[in-house]
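Colleague: have a look; sequence and predicted model below, questions after that.
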Amino acid sequence: MNRTNGLFAPYRCLVCYREFADRDERDAHSAECQALADRAKALVGCWVRARHGDVDVVGKVRGVDGPDPIIEGLEISGGYMVVDTCIQIGAVEADELVALESEDMAAEVWHDIVADHAERIWNDARGAME
Amino acid sequence: MTEPVTTYSCPNCGKTYETEDECKAHIAFCDRTRAERESLIGRWAEGNHGGITAIGRIDSVTGNGVWIRGLVVSECFGRFSLDKMPQVFAYEDVRVFDSVADARERWHLAVKDVADHLLETSIPGVDE
């Protein structure tokens, strides 16, 4: 028996396994979730830029887990920059997962993203420095 | 019984010497450096210490190193961090900037260097 917040929840999304008490609600969610998974699968092997909240990623899609792309590449979030082989990012909006044409473009986009983060950090700290 | 060893230490930075002359020569240098750095309090500057780069304003002087209030680029096990710090001690390569614009430009260059480094040392397989 599946329960969500103490309520009987017999319906699961077959993509992300989230539970729903209502079948129609689950079906609507599943359709969206499957579309995200299909989009991510279509990008396997491609250079992408992905963003979710404060997390920005540039790299190659290596696989898919549920609706989320698994990316090998560079990540910047909350002032940290890392190289990672397995970044899972929940790119829930269409404009948060964008295919890039080439490695050169990926490098260019990476630099733009980092510059934006650096500028934000500078502006946040400016008051404390003066 | 072991003979006690006399050492001489610098009152500014604590560095120790075996001879008084060596220590005196160092103290003269250290005093000059400290005085120079005290005159820089309030200026926008960059300082480096143990692989950490700090960019901001010089807050105070301890020994002959400066405390910088501002932003820091540091690395720990391949993870680069961009932080806002109330105080970072910098001893080596302290250099001042003429303006806040120069400090801002240097901050962006320091961050870009890290971004370049990460691109160059990117994980094997990403270029396949």
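Modeller: Received, thanks.

Colleague: tell me the residues of chain A that contact chain B?
Modeller: For chain A, the residues in contact with chain B (C-beta under 8 Å from any C-beta of the partner chain) are A:59-60, A:72-74, A:79-85, A:103, A:107, A:110-111, A:114-115, A:117-119, A:121-122, A:124-125, A:128-130. C-betas here are computed from N, CA, C, even on glycine.

Colleague: of these, buried ones?
Modeller: Buried members of the residues of chain A next to chain B, counted by 16 or more other C-beta atoms under 10 Å in any protein chain shown: A:59-60, A:72-74, A:79, A:81-84, A:107, A:110-111, A:114, A:117-118, A:121-122, A:125, A:129.

Colleague: start and end of stretch A:61-75, how far apart?
Modeller: By C-alpha to C-alpha, to the nearest Å, the extent of stretch A:61-75 from end to end equals 13 Å.

Colleague: next: stretch A:11-23.
Modeller: End-to-end span of stretch A:11-23 (C-alpha to C-alpha): 6 Å.

Colleague: what are the buried residues along it?
Modeller: Per 16+ other C-beta under 10 Å, stretch A:11-23 contains these buried residues: A:11, A:13, A:15-16, A:19-20.

Colleague: state the mean pLDDT of that stretch.
Modeller: In this model, stretch A:11-23 has a mean pLDDT of 91.

Colleague: close to chain A: what parts of chain B are there?
Modeller: So chain B meets chain A at B:56-57, B:69-71, B:78-84, B:86, B:104, B:107-108, B:111-112, B:114-115, B:118-119, B:121-123, B:125-127 (C-beta under 8 Å from any C-beta).

Colleague: pLDDT below threshold where in chain B?
Modeller: B:1, B:123-128 (pLDDT under 70).

Colleague: just give me the longest helix of chain B.
Modeller: In chain B, taking DSSP state H as the definition, the longest helix is helix B:100-120.

Colleague: show me what it is packed up against.
Modeller: strand A:80-88, helix A:103-129, strand B:44-49, strand B:52-62, strand B:65-76, strand B:79-90 (3 or more C-beta pairs under 8 Å, 6 or more residues apart in numbering or on different chains; DSSP states H and E).

Colleague: for the second one, the distance to its chain's centre please.
Modeller: When you say that, I think you mean helix A:103-129. Offset of helix A:103-129 from its chain centre (C-alpha atoms, centre = their mean, to the nearest Å): 19 Å.

Colleague: count the residues that sit near residue 62.
Modeller: No chain was given, so I picked chain A. Applying other C-beta atoms under 10 Å in any protein chain shown, we find 17 other residues in the vicinity of A:Arg62.

Colleague: um, chain B though
Modeller: Around B:Thr62 there are 15 residues (other C-beta under 10 Å).

Colleague: and the gap between it and B:Ile41?
Modeller: Separation of B:Thr62 from B:Ile41 (C-beta to C-beta, to the nearest Å): 12 Å.

Colleague: A:Ile70 too?
Modeller: Going from A:Ile70 to B:Ile41 by C-beta to C-beta gives 50 Å.

Colleague: comparing the two, which residue is more hemmed in?
Modeller: The neighbour comparison of A:Ile70 against B:Ile41 (other C-beta under 10 Å) goes to A:Ile70, with 18 against 14.

Colleague: tell me the angle of the longest helix of chain B relative to strand A:80-88?
Modeller: Helix B:100-120 and strand A:80-88 are oriented at 40 degrees to each other (axes from the mean of the first three to the mean of the last three C-alpha atoms, to 10 degrees).
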